[in-house]
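K.L.:
Predicted model, plus sequence, below.
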Amino acid sequence: MYAAEFNYLRASSLAEAHRLLAANPGAKLLAGGHSLIPLLKLRLAAPPAVIDIGRIAELRGIARRGDDLRIGALTTHAEIAASAEVRKSAAALAEAAAGVGDPAVRNRGTIGGNVAHADPASDLPTVLVALEGAVVAAGPKGERTIPAAEFFTGVMTTALRDHEIVAAVLVPMATRGVGSAYTKFAHPASRYAVVGAAALVAVNKGTCAEVRVAVGGLVPHARRASAVERALSGQPAEAASFAAAAARVRDDLGSDVLGDIFASAEYRAAMAPVYVKRALAAAAARAGLA
Amino acid sequence: MAQVSIRVNGRVRKGDVEPRLLLAHFLREHLNLTGTHVGCDTSQCGACTVLIDGRSAKSCTIFAVQADGCDVTTIEGLARDGQLHPLQEGFWEEHGLQCGYCTPGMIMSAVDLLNDNPTPSERDIREGIAGNFCRCTGYQHIVNAIQYAANKAARK
C-alpha cells in the first residue's frame, strides 16, 4: 500500500519543527511512524506535508525531574521497557511498554507518538491516567503540562492544540509501599488492548491506603475507575477485596463501551473485572516489595 | 523526490526516492534485494523485518527517507564468505521452514533476539518472534532452529 504523495520535511530541532508546522498548514508530525504510517498507507490521512521529528536530540531520554520521571517523546517502547529507572519507579509503565505490539514495533514506536495518536486500544494512556502522569506540550512560545486525565478526550482525540508538539511525558515516581501494574487482554495479532487495566496501590499495614485504577481498550479513551477505587480504599490487601472491588468497574464503564468484530461490547465489559482484579493484585504485591 | 544514502549490508546505496516509498520497496525494487518479503503490509506479520542500526524493524512501516544515513541489514547480508549464518544453518538443520515466506523476517527478528539475549529460554524465543507469523510450521521447528543457533554460539 502506498501513501498519498506528501512533501517530506526533516526538523533537526524543536524550533525548526515549529517553523515547519507554521509554514505547512495541515502537516503531520512523524516520529517512529508506527501510528502515522499505517494511517497514511490506508489513506485515512493524506496530509500535504510530513515533518520528520525523529532525529531531534532534545526529545530523547529519560531523566528525573523532582518527583517525576521525564520521558522524552522520542523514547521508544523498547527503551522504556528496558529502563531500570522506569521499572523501579513506574513499574506499570515499563510493563505496558513491554507489551506493546512486538519487539520490532517496540524498537520504532515512541511514547510521544503513542499518546498523540490516542488510540483507544493503546496501552500507555491507561497507565498514564492511573499513575496521574502528564503530557508536556511544546508550543512555539513555550511548554505547558497537561494532566493525562485531561489530555485524552476521545477516540484519537487529545487536548493538544494546533502547533503544539508532544515534547515529553511526566510520570510520578513511586514511593515506598506503593506498587503499580498493568494487565491486558491483548488482541492476538496486533497485541492492542481489547481490555486494559492499570492500577496503583499503596499498602499500609496490610490495608489498601490509596488506590488508583484506570481502564482502557474498551472505552473511547482511558479513564479512571472511581467506583473500584472507592470500593478498595481502606480494605485489606487480599484477593477477596480485589475481586469485590474489581466487580464495581461495571459502574465506571457507562454506556459507551466499544465493540468490534473481534470482541463485542458485552464481552469486553464482562472481561473488565477480570483484568482490573489482576492489576490490583499485581500492584499490591509490588507495594509489599517496595 | 528525496535523496537517500543508506548503508545496506555494508555497502552505501544512494537513490532518489519518493518520500512515500517504503523501505521494504526500496530494498526490493530499487536494490533488487527481494529476500525481504512483504506479507500483511500492516506491521503485524513480520515478513518484512530487517535490522536498522542493529535493531529489528518492520520495513513496511518505515519510509526509505527515514532510514537515510542508517545501517540496514537484510537477510542477504547475513552469510559470510559462502558460510551460512548460524541462524540460517539452524533453519536448515532443524527444518525451520516449509513455504519459506516468513523465514527472512523470522531470522532477522531472531538475530536481534540473540544479540540481546544469547542464551534464550523457549519462552524468550517465542516472545522474540511474537511479531513474526508463520502459517506453515506451527512454530516448534522455528523455535528449535533459533535454539540451535544459540547453542552453537554457546559452544564456541
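P.N.:
The structure has been received and is ready for your questions.
K.L.:
Quick check: pLDDT value at residue A:136.
P.N.:
With respect to pLDDT, residue A:136 has a value of 98.
K.L.:
what's near enough to touch it?
P.N.:
Listed by Cβ atoms under 8 Å, 6 or more residues apart in numbering or on different chains, the contact set of residue A:136 reads A:70, A:143, A:144, A:145, A:146, A:166, A:167, A:168, A:169, A:170. All C-beta spots, glycine's among them, are computed from the backbone N, C-alpha and C.
K.L.:
How about it, nearest residue that isn't a chain neighbour?
P.N.:
Once flanking residues are discounted, residue A:136 sits nearest to residue A:168: 4.2 Å by Cβ to Cβ, 6 or more residues apart in numbering or on different chains.
K.L.:
Equivalent analysis for residue A:209, please.
P.N.:
residue A:202 is the one closest to residue A:209 (Cβ to Cβ, 6+ apart), at 4.6 Å.
K.L.:
Starting from the strand or helix carrying the one you found, tell me which strands it pairs with and how they run.
P.N.:
Per DSSP states H and E: residue A:202 is located in strand A:193-204. Next to strand A:193-204 in the sheet, as set by DSSP bridges, lie strand A:178-186 (antiparallel), strand A:207-216 (antiparallel).
K.L.:
Assign a three-state SS to residue 88, would you?
P.N.:
Since you didn't name a chain, this refers to chain A. helix (DSSP: H, G, I helix; E, B strand; the rest coil).
K.L.:
meant chain B actually
P.N.:
At residue B:88 the chain is in helix, as set by three-state DSSP.
K.L.:
Tell me how far it lies from chain A.
P.N.:
The gap separating residue B:88 from chain A is 19 Å, by Cβ to the nearest Cβ, to the nearest Å.
K.L.:
what does the domain assignment say about chain B?
P.N.:
B:2-77, B:86-155 (automatic domain parsing).
K.L.:
can I get those in JSON lines with mean neighbour count and mean pLDDT?
P.N.:
Below are the domains of chain B laid out as JSON lines (neighbours: other Cβ atoms under 10 Å in any protein chain shown; pLDDT from 0 to 100):
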{"stretch": "domain B:2-77", "mean neighbour count": "21", "mean pLDDT": "98"}
{"stretch": "domain B:86-155", "mean neighbour count": "19", "mean pLDDT": "97"}
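K.L.:
Take these and lay them out in CSV including distance to residue A:21.
P.N.:
Output for the domains of chain B, formatted as CSV (distance: least, Cβ to Cβ, whole Å):
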stretch, distance to residue A:21
domain B:2-77, 17
domain B:86-155, 32
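K.L.:
do stretch B:54-69 and chain A meet?
P.N.:
Yes: using Cβ under 8 Å from any Cβ of the partner chain, stretch B:54-69 reaches chain A at B:55, B:56, B:57, B:58, B:61, B:62, B:63, B:65, B:66.
K.L.:
what about the closest residue to the first one other than its chain neighbours, how many neighbours?
P.N.:
To tie it back to what came earlier, the one meant is residue B:55. Nearest-residue entry for residue B:55: residue A:107, 4.4 Å, with adjacent residues in sequence omitted and distances by Cβ to Cβ, 6+ apart. Residue A:107 has 24 neighbours, counted by other Cβ atoms under 10 Å in any protein chain shown.
K.L.:
Please name the nearest non-neighbouring residue to residue A:164.
P.N.:
residue A:137 (4.2 Å).
K.L.:
now do residue B:33
P.N.:
residue B:27 (4.6 Å).
K.L.:
what's the burial count for whatever residue of the stretch 51-200 of chain A ends up closest to chain B?
P.N.:
Proximity of the stretch 51-200 of chain A to chain B (Cβ to the nearest Cβ) peaks at residue A:102, 2.6 Å away. Applying other Cβ under 10 Å, we find 23 residues neighbouring residue A:102.
K.L.:
So which of the contacts of residue A:136 sit within strands?
P.N.:
A:70, A:143, A:144, A:145, A:146, A:166, A:167, A:168, A:169, A:170 (DSSP state E).
K.L.:
The fifth one reaches residue A:161, doesn't it?
P.N.:
The one in question is residue A:146. No: at 9.9 Å, residue A:146 does not count as touching residue A:161 under the criterion of Cβ atoms under 8 Å.
K.L.:
who's more crowded, the two?
P.N.:
The neighbour comparison of residue A:146 against residue A:161 (other Cβ under 10 Å) goes to residue A:146, with 20 against 10.
K.L.:
quick one: residue B:144 from residue A:73, how far?
P.N.:
According to Cβ to Cβ, to the nearest Å, residue B:144 stands 41 Å off from residue A:73.
K.L.:
quick one: contacts for the residue nearest in space to the middle of chain B?
P.N.:
Among the residues of chain B, the one closest to the centroid is residue B:108, at 2.6 Å (Cα atoms, centre = their mean). Applying Cβ under 8 Å, 6+ apart, we find residue B:108 in contact with B:49, B:50, B:51, B:56, B:73, B:74, B:75.
K.L.:
quick revisit: which residues touch the nearest residue to the residue of the stretch 51-200 of chain A closest to chain B once chain neighbours are set aside?
P.N.:
Leaving aside its sequence neighbours, residue A:102 sits nearest to residue B:131 (Cβ to Cβ, 6+ apart; 2.6 Å). Counting by Cβ under 8 Å, 6+ apart, residue B:131 touches A:101, A:102, A:103, A:104, A:105, B:44, B:46, B:49, B:56, B:58, B:109.
K.L.:
next one: residue A:47
P.N.:
A:6, A:26, A:27, A:28, A:40.
K.L.:
Sort out for me which of the residues you listed are in helices.
P.N.:
Those of those mapping onto helices are residue A:40, per DSSP state H.
K.L.:
From the contacts of residue A:47, pick the one nearest chain B.
P.N.:
Distances from chain B to these, taken by Cβ to the nearest Cβ, are shortest for residue A:6, at 6.1 Å.
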